[in-house]
Every structure is written in C-alpha cells, then in structure tokens.
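**Student:** Show me how the following folds:
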Amino acid sequence: MASVKHGDTVRIHYTGKLTDGTVFDSSLNEEPLEFTLGEGQVIPGFEEAVLGMNPGQSKITKVRADKAYGAYREDMVMVMNRDQLPAHIQPEVGQQIEMRHEDGTAFIVTVKDVSESSVTLDANHPLAGKDLRFDIELLEIV
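**Tutor:** Residues are numbered from 1 along each chain as shown. As a prediction, this is how the structure comes out:
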C-alpha cells in the first residue's frame, strides 16, 4: 500500500483542538479536506503529520505554534482612533473586520477593546501562539 509523499493530493477527515480539548475546527460533518502536499495549502505541522500515512490510517498529532500559525506578535496589535474606522462599522469586542493594506490586499483584524475614543485591533491569526492537536484520518490518496 502506498503511503503519502510530497506532491500527493489527499482527502482526509480531521478535528482540530486546542491543548485544553476545545474543538476549533472539524471536517467530520462536512466534505473531507482535500489538499496537495508541498503546496502550502495547510499549516506546515499538519502537512508533516499526513506525510507517510497510509489510506485508512488514523493518528493524533500535536503541532507546536511555530509549525502552525506562528508566535503571537504584540507588534500586530494596534490602537486606532474610532474616527479612523468607516462610519458604518460599529466595533464590538470579538468582531472581525476586513481591512486593506496600502497595496489593496485584504487582511482580517479582531476587535480586542473598544472605548469612546479608540479601538484596539489585533491582526494576529486567532490561533497564533497556540499549540494545536489534530485527530486525522487519511481517507484516500487521490
């Protein structure tokens, strides 16, 4: 039986959890995830976990933050005057807002704090700085 190697396209089911067991994502009630190893479509630690698996095999793997979404960076947290936000946006803690770089590319920020005069925005990925655990089942090599 062939095992997964770089360049293979695979179909898997997975459940992603934080170290405290909280589920943050799962494909179990959806279509399986399909991706090609080596194309950067999933986080590096997840791809490394699938490498070498055989169809029908399941495993539990831990992925350190540096192989997932990277370290949490304080320099990606910014405080803006409320009047710098478009008037139609009424910021609330936890809300995600799409913003644009000067070159027009979009990025998502999360509202961390709101006061009468300012809004604190966090451009880190919500899972940045966190170690993750994945339950993975390799369904097939496509």
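**Student:** Show the subsequent helix or strand relative to the one helix or strand in the chain whose mean pLDDT sits lowest.
**Tutor:** Least confident helix or strand of the chain, by mean pLDDT, DSSP states H and E, is strand 96-100 with a mean of 88. Per DSSP states H and E, strand 96-100 leads on to strand 106-114 as the next helix or strand towards the C-terminus.
**Student:** That next one packs against which elements?
**Tutor:** Based on contacts counted as 3 or more CB pairs under 8 Å, 6 or more residues apart in numbering; DSSP states H and E, the elements that strand 106-114 packs against are strand 96-100, strand 118-122. C-betas here are computed from N, CA, C, even on glycine.
**Student:** What strands flank the last one, and is each parallel or antiparallel?
**Tutor:** Okay, so that is strand 118-122. Counting by DSSP bridges, the strands paired with strand 118-122 are strand 77-81 (antiparallel), strand 106-114 (antiparallel).
**Student:** do the same with the first one
**Tutor:** When pairs are called by DSSP bridges, strand 96-100 turns out to pair with strand 106-114 (antiparallel).
**Student:** Report the buried residues of the strand it pairs with.
**Tutor:** Neighbour counts over strand 106-114 (16 or more other CB atoms under 10 Å) mark Val109, Thr110, Val111, Lys112 as buried.
**Student:** Let me see the confidence value for Ser3.
**Tutor:** Ser3 is assigned a pLDDT of 95 by the prediction.
**Student:** That one touches Leu37, doesn't it?
**Tutor:** No: the criterion here is CB atoms under 8 Å, and Ser3 misses it with Leu37 at 11.3 Å.
**Student:** Look at the two and report which has more neighbours.
**Tutor:** Counted by other CB atoms under 10 Å, Ser3 and Leu37 do not tie: Leu37 has more neighbours, with 19 against 14.
**Student:** State the phi and psi torsions of the more buried one.
**Tutor:** When read as degrees, to the nearest 10, the backbone of Leu37 gives phi -70, psi 130.
**Student:** from memory it sits against Leu51, does it?
**Tutor:** Yes: using CB under 8 Å, Leu37 is in contact with Leu51, at 6.3 Å.
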